[in-house]
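Student: take a look and give me a structure for this.
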Amino acid sequence: MITNLKKQILYGYKITKQEALKLIDVDLDELCDAANDIRLHFCDNSFDICTIVNGKSGKCSEDCKYCAQSSYYSANIEEYPLLNTKELKREAIYNDENGILRYSVVTSGRNLSDIELSEICISYKEIKRSCEISLCASHGLLTYDQFVKLKSCGVMRYHNNLESSRKYFKNICTTHTYEDKVEAILNAQKSGLEVCSGGIIGLGETMEDRIDMAFELKDLHINSVPINVLNPIKGTPYGDLEVLDYDEVLRLVAIFRFILPNAALRLAGGRGLLSDKGEKAFMSGANAAISGDMLTTSGISIKEDMQIVKNLGFEVKRI
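Tutor: Numbers count the residues shown, from 1 in each chain. Reported below is the predicted structural model:
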């Protein structure tokens, strides 16, 4: 079945949810090898690497149960307002000089105020004048007009994770809805921005929930898909959950490649929890990563990631 599905996908076939569900029980090694073949066929050895900076930390009005920045919980994190242009520009130039392709400013909160948006747009314009790095942004549930403003100051891609399936999302967050997220994604696309969207695995959801999310992403024409593995943080409702077994992560990555053959499957938060920092996943269908530190947890250094990419035979390119 794996071989037949792979061959069909290589010739342009789009698998169904029922076919994807059958992949839950197939041999893992065969599945991962086939997913890697699909990745090679559609994406060659291109590897898209980006970094993020925590541009505004803590005091978030939303109650996402995995997040240390929520004001509902008592995780021990640093809190600060929007970083100034000098700090954001310095980080962008450093990343550009070290071979990073994309740089994203991420801010806590449901969205940015108009004043904050004006301030961050000044920073984006200055960064664009200073280096060649591609700009991404993650500022919550903005309006269409705000997305247009971001696009006009040099931002190319907007990030807004679906987090999980439509069915399971209510178990993760109650202060905004799945539909709010989809609306923001559609408005960002309407403004001319590319969209980066994925989710977090290990929140108590089923593999079917994860597969449902992949098909939602497919329907939204998302080409950059972050795959986060929950890093349980004390003080949050999910702080005592167990970290997912690596084999489960590999299976998820491979199934996503079957559903999203052209996408940049981007290992993101929680990659440092994996025994080999994601190397097996990169040979099981993944072909992108967030490097450096995450928002409130440590990550993997740019230098180390660049060596991993080289050792695996990838070539750093935008996807």
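Student: check what pLDDT residue 159 gets.
Tutor: On the pLDDT scale, residue 159 is placed at 98.
Student: phi first, then psi, for it.
Tutor: Main-chain dihedrals, residue 159, degrees, to the nearest 10: phi -110, psi 130.
Student: so what's the nearest residue to it once chain neighbours are set aside bridging to?
Tutor: Once flanking residues are discounted, residue 159 sits nearest to residue 138: 3.9 Å by CB to CB, 6 or more residues apart in numbering. No exception for glycine: its C-beta is placed from N, CA and C like everyone else's. With DSSP bridges as the criterion, residue 138 is bridged to residue 106.
Student: next, count neighbours for residue 138.
Tutor: Residue 138 has 17 neighbouring residues, counting by other CB atoms under 10 Å.
Student: centre of the chain to stretch 37-57, how far?
Tutor: 9 Å (CA atoms, centre = their mean, to the nearest Å).
Student: and it, what's buried?
Tutor: Using 16 or more other CB atoms under 10 Å as the test for burial, stretch 37-57 gives 37-39, 42-43, 46-57.
Student: again with stretch 84-103
Tutor: Within stretch 84-103, the residues scored as buried using 16+ other CB under 10 Å are 85, 88-89, 91-92, 94-96, 98, 100-103.
Student: run through the helices of the stretch 51-200 of the chain in chain order.
Tutor: Taking DSSP state H, counting those that start in this stretch, the helices of the stretch 51-200 of the chain run over residues 85-97, 114-130, 144-152, 178-190.
Student: buried residues of the shortest one, list them for me.
Tutor: By neighbour count on 16+ other CB under 10 Å, the buried set for helix 144-152 is 146, 147, 148, 149, 150, 151.
Student: not counting sequence-adjacent ones, nearest residue to residue 192?
Tutor: Per CB to CB, 6+ apart, closest to residue 192 is residue 151, 5.2 Å.
Student: residue contacts, the one you found?
Tutor: Each residue near residue 151 by CB atoms under 8 Å, 6 or more residues apart in numbering is listed here: 191, 192, 193.
Student: quick one, phi/psi of the last one?
Tutor: The main-chain torsion angles of residue 193 are listed as degrees, to the nearest 10 and equal phi -80, psi 140.
Student: wait, it touches residue 155, no?
Tutor: Yes. Residue 193 is in contact with residue 155 according to CB atoms under 8 Å; the separation is 6.7 Å.
Student: more neighbours: which of those two?
Tutor: Set side by side, residue 193 and residue 155 show more neighbours around residue 155, with 26 against 21, by other CB under 10 Å.
Student: got a list of what the residue nearest to residue 191 when sequence neighbours are not counted touches?
Tutor: Nearest non-adjacent residue to residue 191, counting by CB to CB, 6+ apart: residue 147, 3.7 Å away. With contact set as CB under 8 Å, 6+ apart, residue 147 has these partners: 158, 187, 188, 190, 191, 193.
Student: go ahead and confirm the fourth one touches residue 144.
Tutor: So that's residue 190. Yes. Contact criterion CB under 8 Å: residue 190 and residue 144 qualify, at 6.2 Å.
Student: helix, strand, or coil at residue 239?
Tutor: Classification of residue 239 by DSSP: H, G, I helix; E, B strand; the rest coil places it in coil.
Student: who are the neighbours in contact with it?
Tutor: 75, 232, 233.
Student: quick check: phi and psi at the most centrally placed residue in the chain.
Tutor: Compute the mean C-alpha point of the chain, and by CA atoms, centre = their mean the closest residue is residue 226, 2.3 Å away. Here is the backbone geometry of residue 226 (degrees, to the nearest 10): phi -70, psi 130.
Student: wait, doesn't it sit right on residue 201?
Tutor: No. Using CB under 8 Å as the test, residue 226 is too far from residue 201 to be in contact (10.9 Å).
Student: burial of residue 72, as a residue count?
Tutor: Residue 72: 15 neighbours (other CB under 10 Å).
Student: I should have written residue 240 there, sorry.
Tutor: For residue 240, using other CB under 10 Å, the count is 8.
Student: fine, thanks again, bye for now.
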